[in-house]
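In: Structure, please.
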Amino acid sequence: MSYSEKLLDAIERQDFSQEKSLLQKALDKDEPEILASLAENLVGLGFTDLAKEIYRSLIARFPKEDLFKIYLAEILLNDGQDDDGLTLLYNVSPDSSAYLDSLLVQADYYQTNGLLETAYQKLLEAEKIAPDEDVVKFGLAELDYLSGHYEQALSRYQDLLKRHKTFSEVNLNDRLFQTLAKLGRYEEAGEVIAKNGNDILDIDSKYQAALVMLTLHKDDQAIKYLNEVIDQSPDYVNAYRLLTTAYEHKNDNEQELRSAQLGIAYNELDPVLYKKGAQAAVRLNDLDTAKNLLQKGIKKLPENFDLRLQLSNLYVRENDNEANIALLAKVDDEDLEPQVHWNLALSYQNLDQSAKAKSEFLLAYPEFKNNSAFLKQMLLFFNTEPNSQDIVKELLEAYLKLEPEDTEMQEMYDELLS
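Out: Got it, this is the predicted structure:
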């Protein structure tokens with residue numbers, strides 16, 4: 001048994017008392033091929049410090065064997081010793097048989113550190129050396145995708161799929177449909193998913209597949225993928241938002257509400273889940289649940305005006321006027337939207353606070369002067385106010401242009417003119 005084998009055996013037995021002495025004996029006695037294999041095994045086991053010693057010894061003995069430099073550089077880069085690792089890589093000459101490997105390691109390093117353009121240039125140089133090398137084509141395809149060069153990425157993925165279904169543990173069909181989706185070619189993306197859907201294992205790919213299916217209005221398939229995402233990872237919060245949308249498309253209010261409530265349990269700061277959940281509850285005529293959702297949403301997201309307005313609409317619907325006024329009193333005047341003025345006008349009117357109702361109706365009027373429902377409510381209010389004949393007449397004329405078949409309002413107008 002070689003000293004290299006004895007060292008690996010000791011590590012397997014978790015006997016680390018002799019590792020230094022066995023390593024030194026291996027360096028002194030074992031053949032270079034055995035040492036190279038030992039270093040590779042040590043890296044796989046996580047003993048990179050021991051592997052570095054071996055590679056340094058091999059580099060000293062075989063200074064022209066550049067692969068040892070590359071292997072050592074990879075370890076140094078992974079250990080955060082960037083300058084030393086890059087120095088080794090850049091010292092590999094372009095005429096070396098290991099130069100391609102050096103370029104690939106450099107490209108991986110620069111991509112990992114977000115320097116995509118530099119990584120891309122390294123791979124283009126590698127492509128000139130080995131134009132048929134699939135690892136280079138895959139690296140370029142990935143960088144094209146990450147950089148938004150989807151046409152180029154598509155071409156490269158399609159070429160790779162002629163020979164591989166997966167590459168570096170990446171499902172190439174997943175990449176293909178996602179690239180097609182990025183290009184807006186959703187029908188083609190959907191066809192790829194339909195043919196290879198059972199092979200989609202990656203959770204993010206399932207989420208992306210659901211997005212494509214939603215775009216194609218294939219809601220059942222979208223729901224299938226989203227449920228698989230949630231089964232794999234219940235805290236994948238974005239999935240719940242899509243799931244509520246899919247059930248909304250199917251008019252399945254119960255499932256839409258349930259999905260929103262489940263999503264809120266994992267993410268209490270998603271306003272869309274509160275909004276969609278409340279809307280589904282209203283459609284189910286479960287107004288208490290709708291109010292509870294919106295009240296919770298406003299508590300968690302006090303600056304979200306849409307949720308506040310949605311709750312205000314509910315209060316108006318139920319004639320809960322004091323609650324509506326209290327809710328909207330917390331909104332700064334400069335943030336008040338026309339719908340708020342309309343809602344406040346109705347609440348003040350119901351509470352017989354005519355002066356305030358009048359003011360709110362007038363503030364809402366510019367926005368809703370072509371809205372027949374608003375005009376009718378406003379003219380009926382002003383019809384009860386003293387000295388308001390002129391404004392009632394103006395409002396009736398505007399209303400009847402929109403609703404000429406409303407005989408009741410036509411009669412009111414005729415009486416006003418007589």
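
In: Near Glu31, how many other residues are there?
Out: 11 (other C-beta atoms under 10 Å). (C-beta placed from N, C-alpha, C; glycine too.)

In: Now do the same for it: its pLDDT.
Out: On pLDDT, Glu31 comes in at 91.

In: Distance check, it against Gly44.
Out: 20 Å (C-beta to C-beta, to the nearest Å).

In: Same question for Leu116.
Out: 29 Å.

In: So between these two, which is more surrounded?
Out: Neighbour tally, Leu116 and Gly44, criterion other C-beta under 10 Å: the higher count belongs to Leu116, 16 against 10.

In: Which residues are in contact with that one?
Out: Applying C-beta atoms under 8 Å, 6 or more residues apart in numbering to Leu116 gives the contacts Tyr110, Leu143, Leu146, Ser147.

In: what's the pLDDT at Tyr315?
Out: 96.

In: neighbours around it, how many?
Out: Count around Tyr315 with other C-beta under 10 Å applied: 22.

In: where does the stretch 201-350 of the chain have low pLDDT?
Out: Scanning the stretch 201-350 of the chain for pLDDT under 70 picks out 333-335.

In: picking that back up, looking at the contacts of Leu116, which has the most residues close by?
Out: Leu143 (24 neighbours).

In: which one is that one nearest to, not counting chain neighbours?
Out: Tyr120 (4.9 Å; C-beta to C-beta, 6 or more residues apart in numbering).

In: SS state for the one you found?
Out: helix (DSSP: H, G, I helix; E, B strand; the rest coil).

In: Would you mind measuring from Ala364 to Asp306?
Out: 18 Å.

In: Repeat that for Gln279.
Out: For Gln279, the distance to Asp306 - C-beta to C-beta - is 11 Å.

In: So which of these two has more stuff around it?
Out: Relative neighbour count places Gln279 above the other of Gln279 and Asp306, with 20 against 15, counting by other C-beta under 10 Å.

In: Any buried residues in the helix or strand hosting that one, and which?
Out: Per DSSP states H and E, Gln279 falls inside helix 271-283. The neighbour-count check on helix 271-283 (16 or more other C-beta atoms under 10 Å) flags Pro271, Leu273, Tyr274, Lys275, Lys276, Gly277, Ala278, Gln279, Ala280, Ala281, Val282 as buried.

In: Please look at the last one and Ala290 and confirm they touch.
Out: Yes - in terms of C-beta atoms under 8 Å, Val282 counts as a neighbour of Ala290; the distance is 4.9 Å.

In: Which neighbours do those two have in common?
Out: Leu314.

In: If we ignore the residues flanking it in sequence, what's nearest Val237?
Out: Asn267 (4.0 Å).

In: thinking again about what came up before, show me what the helix holding Gln279 is packed against.
Out: helix 237-249, helix 253-266, helix 287-300, helix 305-317 (3 or more C-beta pairs under 8 Å, 6 or more residues apart in numbering; DSSP states H and E).

In: Give me the contacts around the last one.
Out: Contact with helix 305-317 is made by 271, 274-275, 278-279, 282, 287, 290-291, 294-295, 297-298, 301, 321, 323-324, 327-328, 330-331, 335, 337, 339-340, 343, 346-347, as judged by C-beta under 8 Å, 6+ apart.

In: Show me which residues of that helix are buried.
Out: Phe305, Leu307, Arg308, Leu309, Gln310, Leu311, Ser312, Asn313, Leu314, Tyr315, Val316.

In: measure the fifth one to Leu380 for me?
Out: Put plainly, it is Gln310. 25 Å.

In: ditto for the third one
Out: Separation of Arg308 from Leu380 (C-beta to C-beta) stands at 27 Å.

In: And the fourth one, by the same measure?
Out: Computed as C-beta to C-beta, the Leu309 to Leu380 distance reads 23 Å.

In: Strands of the stretch 51-200 of the chain, start to end?
Out: 166-167, 170-171 (DSSP state E, counting those that start in this stretch).

In: Just tell me which of those ends up closest to Tyr236.
Out: Closest of the strands of the stretch 51-200 of the chain to Tyr236 is strand 170-171, at 18.3 Å (criterion: C-beta to C-beta).

In: partners of the closest one, with directions?
Out: strand 166-167 (antiparallel) (DSSP bridges).

In: Give me the contacts around the partner strand.
Out: Asp134, Val135, Phe138, Leu160, Leu172.

In: Please, a PyMOL command that selects the buried ones among those?
Out: To isolate the buried members of those in PyMOL, using 16+ other C-beta under 10 Å:
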select buried, resi 134+138+160+172
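
In: what would the contacts of strand 166-167 look like in JSON lines with distance to Arg241 and pLDDT?
Out: Converted to JSON lines, those look like this (distance: C-beta to C-beta, whole Å; pLDDT from 0 to 100):
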{"residue": "Asp134", "distance to Arg241": "38", "pLDDT": "96"}
{"residue": "Val135", "distance to Arg241": "37", "pLDDT": "96"}
{"residue": "Phe138", "distance to Arg241": "32", "pLDDT": "97"}
{"residue": "Leu160", "distance to Arg241": "33", "pLDDT": "97"}
{"residue": "Leu172", "distance to Arg241": "28", "pLDDT": "95"}
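
In: Identify, from the contacts of strand 166-167, the entry nearest to Thr384.
Out: Proximity of these to Thr384 (C-beta to C-beta) peaks at Leu172, which lies at 71.8 Å.
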